[in-house]
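Q: here is a sequence with its predicted model. Questions after.
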Amino acid sequence: EEGVHILVLCSRAGGGLPQWNCGGEYSMRARRGDPHCPPRSQPSIALSADGRRWSIVNASPDIRDQLARFPGLYPREGTRDIPLDTVVVTNADLDHTMGLLVLREALPYRIVTTPWVRDAILENNAAWRLLEPAWGVAKLDREFPLDGDGHLVARFFPVPGKVPGYLTGLASNDPEATVGLRVTDTRTGRRLVYAAGIKALDDATLAELANAHCRFVDGTFWSARELLGMRPGAPDAHAMGHLPIGGPDGSLARIARLPGRSLYIHINNTNPILDSESAQAREVREAGVEIAYDGMELAL
C-alpha cells in the first residue's frame with residue numbers, strides 16, 4: 001500500500017520503563033502492571049514505503065526484543081534474509097547506538113550517520129568496528145535513499161545538541177554531532193521529521209518541524225529540574241541537552257500550533273506524561289499533541 005508506514009518500536013529514553021536501577025514512581029507502577037503507566041523500551045521508530053521492507057531510525061539497546069515483537073522484520077523462513085534496508089542514527093548517544101552491536105551478526109543492511117557520528121564512535125570504541133563494512137555517511141542537508149526503490153529519501157539537518165557523556169574530552173561538539181532527520185515520500189511529497197535529543201528549538205529546527213506533515217519531538221523531561229527529585233545534584237534538562245515540554249518556554253507551547261501530527265518520543269522515567277491520567281498528559285493531549293507509545297502505528 002502506497003504511503004509511509006510508521007511503527008513506534010519504542011518510546012522511552014535510555015533505560016526504558018521500568019529502568020533497572022530506578023525505584024521512582026513510574027518505574028514502580030510499570031513493574032506492578034499499572035495500565036495507566038505501561039512498560040516502554042528505549043527509543044526507535046521503523047519506516048516503510050510499502051509495508052514490506054523497513055528502515056529503522058536509531059538502534060536502541062532493546063532492539064532484539066523490539067524486532068522479536070514485530071513480524072514485519074522477521075527473516076524469511078529458512079533464510080537470514082531480513083527485510084531491513086537502512087538503520088539511521090541521529091547522534092552518538094548509547095540509547096541510539098548500542099543496538100548496532102546487537103545487529104552485528106550479519107550486515108545485510110546499511111548504517112547511515114553523519115561523518116562526525118561515525119568517526120566519533122569508530123575511533124573511540126573498538127567493538128563497533130565490526131560494523132565498519134556496512135557503515136556509510138551522509139553530510140548535512142544531502143539527500144540519501146532509505147529504501148532500495150528510492151521512494152523514501154532522507155536528509156539530516158543540524159539541531160542544537162551536545163556530545164554524549166562518554167565522548168566528553170574525546171570529541172568536540174559539531175553541527176554533525178546531533179541531527180534531526182527529514183524523510184520525504186517522493187511519490188506524494190509528504191514529509192516526516194524526527195528530532196529527539198534536542199536542547200532548544202531554534203528557528204531553523206522549528207521551521208523543519210513546521211514544514212512536516214508528521215513530527216516526532218524530544219519529550220525527555222516535563223520540567224527542567226525534575227531529575228533532582230530522584231538524583232540530588234543532578235544537572236538540569238538543558239545541561240543534559242534536552243528542552244523540557246512544559247512551561248511558557250517549553251516545547252509544547254511551540255509545537256502545539258503546528259499543522260499535522262505532533263508526537264512526543266524519548267520520554268524519561270521521571271516525566272509525568274508517562275502516566276496517561278496525569279494532568280501533564282492531559283495538557284499535552286488537549287494541546288493536540290500525541291504521546292508516542294510502543295507498538296503505535298501511523299500512516300503518512
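A: Right, received. Where do you want to start?
Q: low-confidence ranges, the stretch 1-150 of the chain, go.
A: Counting by pLDDT under 70, the ranges of the stretch 1-150 of the chain that qualify are 1.
Q: if you set the cut-off to 80 instead, what comes out?
A: When residues are selected by pLDDT under 80, those of the stretch 1-150 of the chain lie in 1-2, 14, 106-108.
Q: and the strands in it?
A: In the stretch 1-150 of the chain, strands defined by DSSP state E, counting those that start in this stretch lie at 5-10, 44-48, 54-57, 84-88, 110-113, 135-137, 144-145, listed in chain order.
Q: I'd like these written out as JSON lines, with mean neighbour count and distance to Leu192 added.
A: No exception for glycine: its C-beta is placed from N, CA and C like everyone else's. Formatted as JSON lines, the strands of the stretch 1-150 of the chain follow (neighbours: other Cβ atoms under 10 Å; distance: least, Cβ to Cβ, whole Å):
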{"stretch": "strand 5-10", "mean neighbour count": "24", "distance to Leu192": "7"}
{"stretch": "strand 44-48", "mean neighbour count": "24", "distance to Leu192": "7"}
{"stretch": "strand 54-57", "mean neighbour count": "25", "distance to Leu192": "9"}
{"stretch": "strand 84-88", "mean neighbour count": "22", "distance to Leu192": "12"}
{"stretch": "strand 110-113", "mean neighbour count": "22", "distance to Leu192": "16"}
{"stretch": "strand 135-137", "mean neighbour count": "17", "distance to Leu192": "21"}
{"stretch": "strand 144-145", "mean neighbour count": "16", "distance to Leu192": "15"}
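Q: to Tyr264, which of these lies closest?
A: Between Tyr264 and those, the shortest separation by Cβ to Cβ is 10.9 Å, and it involves strand 5-10.
Q: which residues touch the closest one?
A: The contact list for strand 5-10 (Cβ atoms under 8 Å, 6 or more residues apart in numbering) reads 16, 40-51, 54, 56, 60, 62-63, 66, 70, 72, 192, 214, 265, 292-300.
Q: and what of stretch 119-132?
A: The contact list for stretch 119-132 (Cβ under 8 Å, 6+ apart) reads 92, 97, 100-101, 104, 107, 111, 113, 135, 163, 167, 170-171, 177.
Q: roughly how far is it from the heart of the chain?
A: How far stretch 119-132 lies from its chain's middle: 21 Å, per Cα atoms, centre = their mean, to the nearest Å.
Q: what distance separates the start and the end of that stretch?
A: Start and end residues of stretch 119-132 are separated by 10 Å (Cα to Cα, to the nearest Å).
Q: in it, what's buried?
A: Neighbour counts over stretch 119-132 (16 or more other Cβ atoms under 10 Å) mark Asp119, Ala120, Ile121, Asn125, Trp128, Leu131 as buried.
Q: cool, thanks, signing off.
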